[in-house]
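>>> Pasting the sequence and the predicted coordinates here, then a few questions.
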Amino acid sequence: MDWDAFFAVHKDLPREGPGSDRDVAWALALAELPEGASICDAGSGPGGDVAALLRAPDARVLAVDKFESFVAQAAARYRDTPRVQAVVGDMGALEQLNSAPFDLIWCAGALYFYGIEEGLQRFSKALKPKGVVAFSEPCFFVDAPSERAVAFWDGYEAGSVDAVLSRVAAQGFEVLGHRAVSDAGWEAYFQPMEARIAGLRDVADARLREMLDICAEEAMHWREVRKETGYVLVVARKCEATS
């Protein structure tokens, strides 16, 4: 990965993955968090979901990302919001953070870096008893996805929605609900990125042009296969026996 070129494209984008405020509101309604809940936005990027998470009554939100530039953007974005803290950290070791354990771990489009099994095992360590995790996971919406749809995930073995839910339950979580991330949520990610790409085309060197092409292709690829594949957003509660 050419990280300099990557951040030239992604710097100051409003979000770093598909999603919407409606997704967050739906998840919060299912989670039924206590007043003053402790929420972790794991793999937060620049904090695109933080404002929606703050709609939980008196909640405190810790935004965690491994990239300093994203954390700096989130910190600047919410500098005047005492209920928000942004830190550089490993979302696979959230239990080591001072704010842990959490009532809710929100993870938009990032849990799959670990896979459902390892990711939920790691998150479980940072959740309170009966805490809730909400995450979006690659999946197929059709029984026989095309080669093009399979290729969208670049080697990640996405499964059906039912398979995702079964894997979550096998890790000791009660599934409270699930739904597909909407097309609008995907466009909320891709459209600002495409505007950035258009603005950089005339000034890009060869390295940056290659990254612009990669990012532009991702958006076009998704639009081609969006009826076959995407993210399923899962909300699940940790069972008491889960550790």
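Arrived safely. Please read all numbers here as calculations on a predicted model, not as lab measurements. Numbers count the residues shown, from 1 in each chain.

>>> Show me the helices in the protein, by range?
Taking DSSP state H as the test, the helices found in the chain are 3-10, 21-31, 50-53, 68-77, 116-124, 147-151, 161-170, 183-200, 206-225.

>>> of all those helices, which lies closest to residue 87?
helix 68-77 (6.5 Å; Cβ to Cβ). Yep, even glycine has a C-beta here, placed from its N, CA and C like the rest.

>>> chain center to the closest one, what's the gap?
Chain-centre distance of helix 68-77: 16 Å, with Cα atoms, centre = their mean, to the nearest Å.

>>> repeat for stretch 163-178
Per Cα atoms, centre = their mean, the centroid offset for stretch 163-178 relative to its chain is 17 Å.

>>> returning to that earlier point: could you identify which of the helices of the chain is most buried?
Compared across the helices of the chain, helix 50-53 shows the largest average neighbour count, a mean of 22 (mean count of other Cβ atoms under 10 Å).

>>> picking up where we left off before, take the helices of the chain and lay them out in TSV including mean pLDDT and distance to residue 101.
TSV is the format used below for those (pLDDT from 0 to 100; distance: least, Cβ to Cβ, whole Å):
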stretch	mean pLDDT	distance to residue 101
helix 3-10	92	31
helix 21-31	97	15
helix 50-53	98	17
helix 68-77	96	21
helix 116-124	96	10
helix 147-151	97	37
helix 161-170	97	19
helix 183-200	96	28
helix 206-225	97	35
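
>>> Out of those, the one nearest residue 44 is which?
Closest among these, using Cβ to Cβ: helix 68-77, at 6.0 Å.

>>> just checking, what packs against the closest one?
Judged by 3 or more Cβ pairs under 8 Å, 6 or more residues apart in numbering; DSSP states H and E, helix 68-77 is in contact with strand 60-65, strand 84-88.

>>> To residue 180, which of these lies closest?
The nearest among the helices and strands packed on helix 68-77, by Cβ to Cβ, is strand 60-65 at 24.7 Å.

>>> Report the separation between residue 67 and residue 195.
For residue 67, the distance to residue 195 (Cβ to Cβ, to the nearest Å) stands at 21 Å.

>>> List the contacts of the residue nearest to residue 6 when sequence neighbours are not counted.
Nearest residue to residue 6 in three dimensions, chain neighbours excluded: residue 211, at 6.1 Å (Cβ to Cβ, 6 or more residues apart in numbering). Residues in contact with residue 211 (Cβ atoms under 8 Å, 6 or more residues apart in numbering) are 2, 5, 6, 8, 9.
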